[in-house]
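show me the folded form of this:
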Amino acid sequence: SATTSVTVNPTPTVTATNTGPYCPGATIQLNSTGGGTYSWTGPGGFTSTLQNPTIGSATTAMSGVYTVTVTLNGCTATATTSVTVNPTPTVTATNTGPYCPGATIQLNSTGGGTYSWSGPGGFTSTLQNPTIGSATTAMGGVYTVTVTVSGCTATATTNVVVNPLPTPTATNTGPYCVGAAISLSSSGGGTYSWSGPAGFTSSNQNPVIAGATTAMGGAYTVTVTLNGCTATATTNVVVNPLPVPTATNTGPYCAGTAISLSSSGGGTYSWSGPGGFASTSQNPTIGSATTAMSGVYTVTVTLNGCTATATTSVTVNPTPTVTATNTGPYCPSTTIQLNATGGGTYSWSGPAGFTSTKIGRAHV
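Sure, this is the predicted structure:
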């Protein structure tokens, strides 16, 4: 007789696991138990004889079933584990700017399941498309959104521009008098839009309005636009009416009398006339008139900076050159003949109460 000893080794009990799911760029960790030697195979031609191999820089192409073959005492068994490498989200971030102070900032994003925004001034939000009211220039800058899908994250940024409001000025060179040219000036922007009394409009920075009237007085507003943002400034235009002067005199005058000039209508007065006459009195008097003082006298009246003139014509008549003669001497009871020249009307007087208004001659 003979004997032989038969050994039947048990099949290894094999496990295969991984620590996924993974995101692109992560390290895949494969784990196994159950044997003496190990042989892994997987997607993309992956092989390894390590019990617990790692695969760096994961890509979505590495997703799939990984198989480990375990050998123990010449016996083999296999186990599998499914590896998932989720794709990185494709993220976009935009805004509807640029904005002006006081506007609402609108942030928009796409690409994921959950969203996390951060930005200037400590801004945070978990909304996909958050809004920020009452914008200020301090809110300008880069806003970042982090999108998470299946545990994988990606970021995108958008630059928010909040332009400052322009600082406009509005001035004029008044006050003005009726008939003058109104000159408006402004600064502070790229474009200008003026409006004012009597339907006035202009897109000039510094418009001029000819032929001012009192109806053109009032508030003029300029709207200044710079980088899409607007602000306004106003200037008050004053158009004073012209004074309505009068000028008169009490003539005609005789040589040697006092000329009396009168005027009205203003705050200050300036007279000019023949022979270099000048006066700042409202109602000047000129003593000892001569015929050379005859002529036009002009008064310039000033009221609220506006002037107007009026004239009056002064007549100084010369003193008549008179002669008086008689045909005497005479005898009693004869007729005395008196003769005169030099005037238009005559008035005689003499002894014994004599009077006569005869022209040129008188009989006694």
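
so which strand or helix has the nearest residue to Thr124 once chain neighbours are set aside?
Taking C-beta to C-beta, 6 or more residues apart in numbering as the measure, Thr124 lies nearest to Ser118, with 5.5 Å between them; neighbours along the chain are not counted. Any C-beta I mention is one placed from the backbone N, CA and C, and that applies to glycine too. Assigned by DSSP states H and E, Ser118 belongs to strand 114-119.

for that strand, packing partners?
For strand 114-119, the packing partners by 3 or more C-beta pairs under 8 Å, 6 or more residues apart in numbering; DSSP states H and E come out as strand 105-110, strand 123-125, strand 141-149.

now the angle from it to strand 141-149?
For the pair strand 114-119 and strand 141-149, the angle between their directions (axes from the mean of the first three to the mean of the last three C-alpha atoms, to 10 degrees) equals 170 degrees.

which residues does the residue nearest to Thr124 bridge with?
Beta-bridge pairing of Ser118 under DSSP bridges involves Thr124, Thr144.

where does the protein have its least confident helix or strand?
Ranked by mean pLDDT, DSSP states H and E, the helix or strand of the chain with the weakest confidence is strand 361-363, at a mean of 58.

to Thr298, which of the helices and strands packed on strand 114-119 lies closest?
Within the helices and strands packed on strand 114-119, the stretch nearest Thr298 is strand 105-110; the backing value is 69.6 Å (C-beta to C-beta).

who does that closest one pair up with?
Strands flanking strand 105-110 in the sheet, each with its direction: strand 92-95 (antiparallel), strand 131-132 (antiparallel) (DSSP bridges).

looking at this, Thr71 is in a strand?
Yes - assigned with DSSP: H, G, I helix; E, B strand; the rest coil, Thr71 falls within a strand.

show me what contacts the closest residue to it other than its chain neighbours?
Closest residue to Thr71 in three dimensions, ignoring its sequence neighbours and counting by C-beta to C-beta, 6+ apart: Thr37, at 4.6 Å. Taking C-beta atoms under 8 Å, 6 or more residues apart in numbering as the definition of contact, the neighbours of Thr37 are 49, 70-72.

which residues of this structure score low on pLDDT?
Within the chain, the set of residues satisfying pLDDT under 70 comprises 359-364.

which element is the residue most central in space within it on?
Against the mean C-alpha coordinate of the chain, by C-alpha atoms, centre = their mean, the closest residue is Val224 at 2.9 Å. Of the helices and strands defined by DSSP H and E, Val224 is found in strand 218-226.

quick one: the helices in the stretch 201-350 of the chain?
Counting by DSSP state H, counting those that start in this stretch, the stretch 201-350 of the chain has no helices at all.

name the SS class of Gly112, please.
The assignment at Gly112 comes out as coil when based on three-state DSSP.

and Met139, backbone torsions?
In this entry, Met139 is assigned phi and psi values of phi -80, psi -10 (degrees, to the nearest 10).

surely it meets Gly121?
Yes - taking C-beta atoms under 8 Å as the contact criterion, Met139 and Gly121 are neighbours in contact, 6.1 Å apart.

more neighbours: which of these two?
Met139 (20 against 10; other C-beta atoms under 10 Å).

buried ones in stretch 306-319?
Taking 16 or more other C-beta atoms under 10 Å as the basis for neighbour counts, the residues of stretch 306-319 that come out buried are 306, 308, 310, 312, 314, 316.

hey, what's the fifth one bridged with?
So that's Val314. According to DSSP bridges, the partner residues bridging Val314 are Gly295.

surely it meets Asn249?
Yes - proximity of Val314 to Asn249 meets the contact threshold set by C-beta under 8 Å, at 5.1 Å.

mutual contacts of the two, please.
Listed contacts common to Val314 and Asn249 are 259, 261, 297; contacts here mean C-beta under 8 Å, 6+ apart.

now those residues in TSV, with neighbour count and distance to Pro284?
Rendered in TSV, the data for these read as follows (neighbours: other C-beta atoms under 10 Å; distance: C-beta to C-beta, whole Å):
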residue	neighbour count	distance to Pro284
Ile259	24	9
Leu261	24	5
Tyr297	25	9
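
could I get these as a markdown table with distance to Thr13?
Written out in a markdown table, the entries for the shared contacts of Val314 and Asn249 read as follows (distance: C-beta to C-beta, whole Å):
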| residue | distance to Thr13 |
| --- | --- |
| Ile259 | 143 |
| Leu261 | 136 |
| Tyr297 | 136 |
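
isn't Thr173 up against Asn206?
No - at 10.4 Å, Thr173 and Asn206 do not qualify as touching, with contact defined as C-beta under 8 Å.

what sits in contact with each of these two?
In terms of C-beta under 8 Å, 6+ apart, Thr173 and Asn206 are both contacted by the residues 183, 185.

no further questions, thank you.
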